[in-house]
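S.K.: I'd like to go over a predicted model; first the sequence, then the structure.
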Amino acid sequence: MAAPGPGEYFSVGSQVSCLTCLGQRLQGEVVAFDYQSKMLTLKCASSSGKPNLYDVVLINLAYVSEVEIISDRTETPPPLASLNVGKLANRARMEKEDKLSQAYAISAGVSLEGQQLFQTIHKTIKDCKWQEKNIIVMDDVVISPPYQVDNCKGKEGSALSHVRKIVEKHFRDVESQKSVQRSQAQQTQKDSALSS
């Protein structure tokens, strides 16, 4: 596509259809357009198919072979939705804490298995942290190296039982994954032996 000429732009709220150099057709509402970089931002229907969700796509117009304005918006666009700054700050703080926790585990010399188990538990139970090489879950359960089900200690009850089930499932999944990888490796060896 030829670069937009002086004064050419896409109005926020307009409906646009683009054909990329890869032959992909993108259609959606213009959210933003930067004339300097020739970048167009479109809000498109969700690729997941879920209503009330949208995909936001950044398009470099240098890689677009065709642009068609389906409907141009001439009136002033609606005001932008306000951002919940507190929620964003909280999310950033939690992400930072997660990264610091990972860095702590690495610097403390925690085994890869321990780090993986921590990540698995953290997906289900956010209230988990490191205490030296031990994993502390909900301040009730302590998992010490080598991080097996037998290494889960705490007051008998639902918390300990739940954590043990997570640990048990984690190691079952890891073993299952290793088994699949071994069988794929064996199949690759057989295939290469047959071809030679």
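M.R.: Great, that's in hand.

S.K.: Where do the domain boundaries of the chain fall?
M.R.: 14-71, 102-178 (the TED database).

S.K.: Can you list the neighbours in contact with the helix or strand that contains L117?
M.R.: Using DSSP states H and E, L117 maps to helix 112-124. Contact with helix 112-124 is made by 98, 101-102, 105-106, 110, 128, 130, 133, 135, 137, 143, 145-147, 163, 166-167, 170, 174, as judged by C-beta atoms under 8 Å, 6 or more residues apart in numbering. Just so you know, the C-beta spots here come from the backbone N, C-alpha and C atoms, and that holds for glycine as well.

S.K.: Check which element follows it along the chain.
M.R.: strand 128-131.

S.K.: From the contact counts, what lies against the next helix or strand after that next one?
M.R.: Note on strand 128-131: by DSSP H and E, the next helix or strand toward the C-terminus is strand 134-137. Contact analysis of strand 134-137 by 3 or more C-beta pairs under 8 Å, 6 or more residues apart in numbering; DSSP states H and E lists helix 112-124, strand 128-131, strand 141-143 as its packing neighbours.

S.K.: model confidence over the last one, on average?
M.R.: Averaging pLDDT along strand 141-143 gives 96.

S.K.: Also stretch 161-173?
M.R.: On average, the pLDDT along stretch 161-173 is 95.

S.K.: Determine the set of other helices and strands touching the lengthiest helix in the chain.
M.R.: What stands out as the longest helix in the chain, according to DSSP state H, is helix 158-195. Counting contacts by 3+ C-beta pairs under 8 Å, 6+ apart, helix 158-195 packs against helix 112-124, strand 141-143, strand 152-154.

S.K.: buried set for the first one?
M.R.: Across helix 112-124, burial judged by 16 or more other C-beta atoms under 10 Å covers 114-115, 117-118, 120-122.

S.K.: which SSE is the spatially closest residue to V31 that is not a sequence neighbour in?
M.R.: In space, and not counting its chain neighbours, V31 is closest to T41: 4.4 Å by C-beta to C-beta, 6 or more residues apart in numbering. Per DSSP H and E: T41 is located in strand 39-45.

S.K.: With that, I have no additional questions.
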